[in-house]
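Peer 1: My questions concern the predicted model and sequence given below.
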Amino acid sequence: MFLQRALVTFTLGPLALYVIYLGGWYYFIPITAILILAALEYHYLMQQLGRHTSQWLLLPLVALLAVTGQWPDLLDTNVVLVASLLVVMCYALWLYERRLSQIVAMDWAAMMGGVILIGWIGSHFLRLRTLPVMPWQWTMLAMLSTWIADSGAYLVGKFIAGKILLGRHQLSPRLSPNKTIEGYIGGIVLGTLLTIAIANYLGLPLIPALVLGLIVSVVSPAGDLGISLLKREAGVKDSGRIFGEHGGALDRIDSLVWSVTFAYYLALYVS
């Protein structure tokens, strides 16, 4: 399993970084495709949980929010978000009037969750890459910071915790028993230090990079565990299989969506 994970990482990782560097349509098309696929996987998870979400509404709304991220001068993201939530509310009212659901409020919340998490927060993948100052550098740093923290936590937890370190303590025993506190701390240390090193190489300011590395390393496991909670409740191991042992699109962006969002607002503040 480790070799399969490593093979996918070393195959797709450099390609992803090159696409980030290119930007434009080369970046917009694969990112939007991943967001749409993640929305579809989210819809299937909600179906497993008994929620009446609509893929015919969710997918176009996610795609529209992606467009606002790529071309902010064309459509205002916040206006589109508010309009999307209004459309979702109308859908919930339609479910209620047609007596198609026993708990319409839960269906409404599930649809809003998909629009906000994958559509609005996910649009920051594109908003970050269209920043006026050092866009590909910030985007690359956010992605690498997340991958390093995740890989560091995995390697420390699997190969060091309980062997070189004093013990092996589960971070989330019920939800993800393989995650350890030792791995979590290792991910924070490696993620923060290597984020600073990468930022220095890319010519980005080091203090903001330190802040980003620390935030991403601390927070990103929560995104992973949040989606794991949905999968556990739905009775599935992965949201999909498009990335092999790495799971589906939703599995791949569960932490990244938060990282690029934090990076976007941090970069705006620094600029």
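Peer 2: The structure has been received and is ready for your questions.
Peer 1: C-alpha from now on. contacts and neighbour counts both.
Peer 2: OK.
Peer 1: Could you check how many residues crowd around residue 147?
Peer 2: Burial of residue 147, expressed as a neighbour count using other CA atoms under 10 Å, amounts to 21.
Peer 1: so how far is residue 112 from it?
Peer 2: Here the criterion is CA to CA, to the nearest Å. By it, residue 147 lies 28 Å from residue 112.
Peer 1: cool, residue 217 as well?
Peer 2: Using CA to CA, we find residue 217 at a distance of 27 Å from residue 112.
Peer 1: So between the two, which is more surrounded?
Peer 2: residue 217 (31 against 21).
Peer 1: what about the strand or helix carrying the more buried one, average pLDDT?
Peer 2: With elements delineated by DSSP states H and E, residue 217 resides in helix 206-234, which encompasses its position. When the per-residue pLDDT values of helix 206-234 are averaged, the result is 91.
Peer 1: Tell me where the protein has helices.
Peer 2: Assigned helices in the chain, in chain order: 2-22, 24-48, 55-70, 77-97, 104-114, 124-129, 135-155, 181-202, 206-234, 249-253, 256-270 (criterion: DSSP state H).
Peer 1: okay, those, which one's buried deepest?
Peer 2: For those, ranked by mean neighbour count under the definition mean count of other CA atoms under 10 Å, the leader is helix 124-129 at a mean of 28.
Peer 1: tell me what that one is packed against?
Peer 2: When contacts are defined as 3 or more CA pairs under 8 Å, 6 or more residues apart in numbering; DSSP states H and E, helix 124-129 packs onto helix 24-48, helix 55-70, helix 135-155, helix 256-270.
Peer 1: Any chance of the ones you listed in TSV with mean pLDDT as columns?
Peer 2: Compiled in TSV, these are given as follows (pLDDT from 0 to 100):
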stretch	mean pLDDT
helix 24-48	96
helix 55-70	97
helix 135-155	92
helix 256-270	96
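Peer 1: Present the ones you listed as CSV; the columns should include distance to residue 250.
Peer 2: Rendered in CSV, the data for the helices and strands packed on helix 124-129 read as follows (distance: least, CA to CA, whole Å):
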stretch, distance to residue 250
helix 24-48, 4
helix 55-70, 13
helix 135-155, 15
helix 256-270, 10
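Peer 1: Brilliant, that's me finished.
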